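Undergrad: show me how the following folds:
(chains A, B, C and D)
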Protein chains: 2
Amino acid sequence: MATIREVAELAGVSPITVSRVVNNTSYVSAGTRERVEAAIAELKYVPNLLAQSLRQKQTNTLALLVTDITNPFWTTVARGAEDVASEHGMNVILCNTDESESKQNTYLNLVLQKQVDGVLLVPVNNRCEAVQHIQSQDVAVVVMDRKVTNTQVDVVRCDSEGGAYQLTQHLLEQGHRQIALLNGAANVFTASDRANGYRRALAEAHLDADAEQIYYGEFTLASGYEMTQQALNADPRPTALFAANNFIAIGALRALRDAGLRVPEDMAVAGFDDLPEELIVEPFLTVSAQPAYEMGQQAMALLLSRIAGNAPEEFQEIVLPTELRVRASSNLKLEKYSQ
Amino acid sequence: MATIREVAELAGVSPITVSRVVNNTSYVSAGTRERVEAAIAELKYVPNLLAQSLRQKQTNTLALLVTDITNPFWTTVARGAEDVASEHGMNVILCNTDESESKQNTYLNLVLQKQVDGVLLVPVNNRCEAVQHIQSQDVAVVVMDRKVTNTQVDVVRCDSEGGAYQLTQHLLEQGHRQIALLNGAANVFTASDRANGYRRALAEAHLDADAEQIYYGEFTLASGYEMTQQALNADPRPTALFAANNFIAIGALRALRDAGLRVPEDMAVAGFDDLPEELIVEPFLTVSAQPAYEMGQQAMALLLSRIAGNAPEEFQEIVLPTELRVRASSNLKLEKYSQ
DNA sequence: CTGTTAGCGCGTTCAG
DNA sequence: CTGAACGCGCTAACAG
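TA: Modelled structure (predicted):
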């Protein structure tokens, strides 16, 4: 662990000259440069970024806090964000909040202490303390995927309301009149937005309030399984299930299998979020696909321009459209998945 | 961004006293502590970990370099490693090398510059420069999943040879005599070990060398698809495919589907690495499952004990067993997956 | 229980 | 083109 001083001594120059060679920050004569580089190689010198960042008051490091890194949706978002960041020479610290407020706050404190230059946050709920905490430290922040209340902040998200509307409409067109919505937690905006889109579609179809059947749970397989069991025991029993994310959908499909029901013959199923093609032999589930990679890209691009100080002064809200992909799980006419 | 000095001034104490309050590192009278805490709250003081780490010469941060974070296998490994690390108050920087040597080296340099206390490395090939580079900086390192040649270093991996042997044996028991191995890159130990296990099983079954049919590609869906197409055109055409990882297996299943072949009726398929249950409605693929989470745990535990200086002096090689899970893809008698 | 001194490794500022 | 002085924010070592 050689220091810049040791390199300087060996090369017979001052530390600052070594710094200039390493960072290419000023002209250095060819001869000096050569001697310095030889010394660096000999001592296996590795610059200490802690000291550099401390001095320069910037770390070229950003934090990305997502709610569930085991979900391919978030992996894809993270890839989009990282690709943009590394194009700009910035590194990303990825943190997994597990939808837990305490984990979120722990990680937030950690990365603020690590002096990150900015934070890309998927908030675990729609309150605003976390965002304000970041802002109070004069650290740039962009909220992703979910809105927050009562706070001025940049947001990049997908059109959950519109996607849910479209998906519900599709199920109505297939003739379904009892559609159960298996949702995430009610205090998360993506969940309430999807409920709103669902309601709007029902209202336009002139179905009365009785037709509404919403279950609130979590964005997990276990919760999807459980909500499906409840829905199967409901009266009237739904003929279609709308799963508010991919894990809920898989939980629902499992519960249906365990109940001996076929999809789509005995129950239609549709969901939010496509699974990446690497994980699926043949797509079967009808979904409203969110542009995960693009969301990560755009959110990171906005964060970087905020840091660089060349973003518009007013806060942005960027809403990306979702795409309806009709497949066999909601449509008897399509060939059934058989693998 | 208040500093410790500003807090000290406001509280009417010295900076070191503030430090002691923040870190609970020595006795402080209740009254002083209260005044300091009030000042911290008022100034919204957040300690600067860069400065602290610079001073203490340790960052409590570790690096984890894996080859493909979009693969659930590696996500699971990472979770195992992180869970152990955070139990010990250590943070983990996760880096994705994409099986690229240059990316690996870039990240390695970055984390060494960031002064990580240790590195958990999945090397992109079986050469040893990367490991020696880390060791030359006196940074602790544990290699995971793959061996490296010519270098003394701790290794935690799974029994690829044994797992491949077991899986091949299973296919032989099902009556297959032409089994194609769809493998990763030849210069990666996990790939060559799986080839060795495959060969050993063939040899024990007294099949001559002609029976051996190994394709070398990459651990990706696209490569699995391609190798399967080659295998289908081979003479003799195999009756069973052994995919060396989960992505290759999915590529193979797709290629078979596109060729109009049924599994297992027209072609048996088996693979390495189970997919996590969150992503699968009903397991269909026969696999040799590696204990991914445990591998992450054990590798991290070993790394931490090396750092703490309480690991055995000699280098360890920990080999975890794989588990054969027979399912419908290789067995006509089992019920076919139909979802 | 609290404070003083010194320095971690680096880069900014200014001077040559 | 090169160097000296200084300080980024924090804490180890020592003193009281």
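Undergrad: mind listing the helices for the stretch 201-339 of chain A?
TA: A:221-233, A:246-258, A:292-308 (DSSP state H, counting those that start in this stretch).
Undergrad: so which residue of the stretch 101-250 of chain A comes closest to DNA strand C?
TA: Nearest to DNA strand C in the stretch 101-250 of chain A, going by CB to the nearest atom of the strand, is A:Gln115, at a distance of 12.7 Å. Where you see a C-beta, it was placed from the backbone N, CA and C, and this is true even at glycine.
Undergrad: so that residue lies in a strand, does it not?
TA: No: remark: A:Gln115 does not belong to a strand; assigned using DSSP: H, G, I helix; E, B strand; the rest coil, it is coil.
Undergrad: surely it touches B:Asn48?
TA: Yes: counting by CB atoms under 8 Å, A:Gln115 sits close enough to B:Asn48 to count as a contact (6.2 Å).
Undergrad: need the residues of the stretch 101-250 of chain A near DNA strand C, please.
TA: Within the stretch 101-250 of chain A, no position lies close to DNA strand C (CB under 7 Å from any atom of the strand).
Undergrad: in the stretch 101-250 of chain A, what residue lies closest to chain B?
TA: A:Gln113 (4.2 Å; CB to the nearest CB).
Undergrad: DNA strand C versus the residue nearest to that residue when sequence neighbours are not counted, what's the distance?
TA: Closest residue to A:Gln113 apart from its sequence neighbours, by CB to CB, 6 or more residues apart in numbering or on different chains: B:Leu49 at 4.2 Å. Distance of B:Leu49 to DNA strand C, given as CB to the nearest atom of the strand, to the nearest Å: 12 Å.
Undergrad: list the contacts for B:Leu49?
TA: The contact partners of B:Leu49, by CB atoms under 8 Å, 6 or more residues apart in numbering or on different chains, come to A:Leu110, A:Gln113, A:Lys114, A:Gln115, B:Thr59.
Undergrad: and the closest residue to A:Thr25 other than its chain neighbours, which of the three is it?
TA: Using CB to CB, 6+ apart and skipping the chain neighbours, the partner closest in space to A:Thr25 is A:Ser19 (7.1 Å). Classification of A:Ser19 using three-state DSSP returns helix.
Undergrad: A:Ser19: neighbouring residues, count only.
TA: 17 (other CB atoms under 10 Å in any protein chain shown).
Undergrad: and for A:His206?
TA: Residues near A:His206, counting by other CB under 10 Å, number 7.
Undergrad: now the one 10 residues further on
TA: Other residues near A:Tyr216 number 18, with proximity taken as other CB under 10 Å.
Undergrad: per-residue confidence at it?
TA: Confidence at A:Tyr216, expressed as pLDDT, is 97.
Undergrad: touching, it and A:Asn187? I think so.
TA: No: taking CB under 8 Å as the definition, A:Tyr216 is not a contact partner of A:Asn187, at 9.2 Å.
Undergrad: sorry, back to before: would you list the phi and psi of the residue of the stretch 101-250 of chain A closest to DNA strand C?
TA: The phi/psi pair for A:Gln115 (degrees, to the nearest 10) reads phi 60, psi 40.
Undergrad: how near is it to B:Glu42?
TA: A:Gln115 sits 21 Å away from B:Glu42, going by CB to CB, to the nearest Å.
Undergrad: the more surrounded of those two?
TA: Set A:Gln115 next to B:Glu42 and count neighbours by other CB under 10 Å: A:Gln115 wins out with 21 against 12.
Undergrad: what's the separation between the more buried one and B:Leu54?
TA: If you go by CB to CB, the gap between A:Gln115 and B:Leu54 works out to 12 Å.
Undergrad: and for A:Leu232?
TA: Applying CB to CB, the value for A:Leu232 to B:Leu54 is 60 Å.
Undergrad: over to A:His170?
TA: In terms of CB to CB, A:His170 sits 58 Å off from B:Leu54.
Undergrad: pick out whichever of these two has more residues nearby.
TA: A:His170 (21 against 17).
Undergrad: please identify the buried residues of the helix or strand hosting the more buried one?
TA: Using DSSP states H and E, A:His170 sits within helix A:160-173. By neighbour count on 16 or more other CB atoms under 10 Å in any protein chain shown, the buried set for helix A:160-173 is A:160-172.
Undergrad: for the closest residue to A:His176 other than its chain neighbours, give the beta-bridge partners.
TA: Closest residue in space to A:His176, ignoring its immediate chain neighbours: A:Ala240 at 4.0 Å, by CB to CB, 6+ apart. Beta-bridge pairing for A:Ala240 (DSSP bridges): A:Ile179, A:Ala268.
Undergrad: I'd say A:Ala240 and A:Met267 touch.
TA: Yes: at 6.9 Å, A:Ala240 and A:Met267 qualify as touching, with contact defined as CB under 8 Å.
Undergrad: in contact with the residue of the stretch 101-250 of chain A closest to chain B, which residues?
TA: By CB under 8 Å, 6+ apart, the residues touching A:Gln113 are B:Val46, B:Pro47, B:Asn48, B:Leu49.
Undergrad: count the residues that sit near the third one.
TA: Pointing back at B:Asn48 there. Burial measure for B:Asn48: 19 neighbouring residues, criterion other CB under 10 Å.
Undergrad: also the second one?
TA: The burial metric for B:Pro47, expressed as a neighbour count using other CB under 10 Å, is 18.
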